[in-house]
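Colleague: just a sequence and a predicted model for now, questions to come.
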Amino acid sequence: MLKGFKDFLLRGNVVDLAVAVVIGTAFVALVTAFTEAFINPLLARLGGTSVGAGLGIQLGEQGNESTFVDIGMFLTAVVTFIITAAVVYFAVVVPMTRLAARMWATEDAPAEVPPDVVLLTEIRDLLAGRPAAGVTSADDNTP
């Protein structure tokens, strides 16, 4: 049982997964920094002149932050998700799909049949369709 676990760890999939998690975490931090530095100020500017409120709706008394519906924060999360998903798709999924298609295309391609084998197959098929000389069928053995 321990040998199987050791083989699983050393197979490389665990290392690839660990690298993917680390790179993914770093990338999400990069996209979050981008949206907080560039997207949030733009959305706050669209929301009005009050600094800190940003794009949103105040549901009650002015100045109570707990009743402020922050639409800008939601839009920032949507932009972060779209940027992350687009980069993952175009940087990981598309290249891996193309690589897998190339690998499977070369392995699944049938080997070319030599011409003599094709000719012998045709002769066999023609002979199988023709009645054999000197052989009677079971119907001909009537007394």
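Modeller: That came through fine. Residues are numbered from 1 along each chain as shown.
Colleague: contacts and neighbour counts: CA atoms only from here.
Modeller: Fine.
Colleague: where exactly do the helices run in the protein?
Modeller: Along the chain, the segments classed as helices by DSSP state H run 2-10, 13-34, 40-47, 71-88, 94-108, 115-129.
Colleague: which of those helices sits most buried?
Modeller: Per-stretch averages of neighbours, counted by mean count of other Cα atoms under 10 Å, single out helix 40-47 among the helices of the chain, with a mean of 17.
Colleague: which of the helices of the chain sits closest to Q62?
Modeller: Evaluated over these, closeness to Q62 peaks at helix 40-47, with 14.9 Å, by Cα to Cα.
Colleague: how about that closest one as PDB, C-alpha atoms only?
Modeller: Only the C-alpha atoms of helix 40-47 are listed here, as PDB (Å, rounded to 0.1, in the frame of the first residue of the first chain):
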ATOM      1  CA  ASN A  40     -12.100  50.100  -8.500                       C
ATOM      2  CA  PRO A  41     -11.100  53.800  -9.000                       C
ATOM      3  CA  LEU A  42     -12.900  53.900 -12.300                       C
ATOM      4  CA  LEU A  43     -16.100  52.400 -10.800                       C
ATOM      5  CA  ALA A  44     -15.800  54.800  -7.800                       C
ATOM      6  CA  ARG A  45     -15.600  57.700 -10.100                       C
ATOM      7  CA  LEU A  46     -18.700  56.600 -12.000                       C
ATOM      8  CA  GLY A  47     -20.500  56.300  -8.700                       C
END
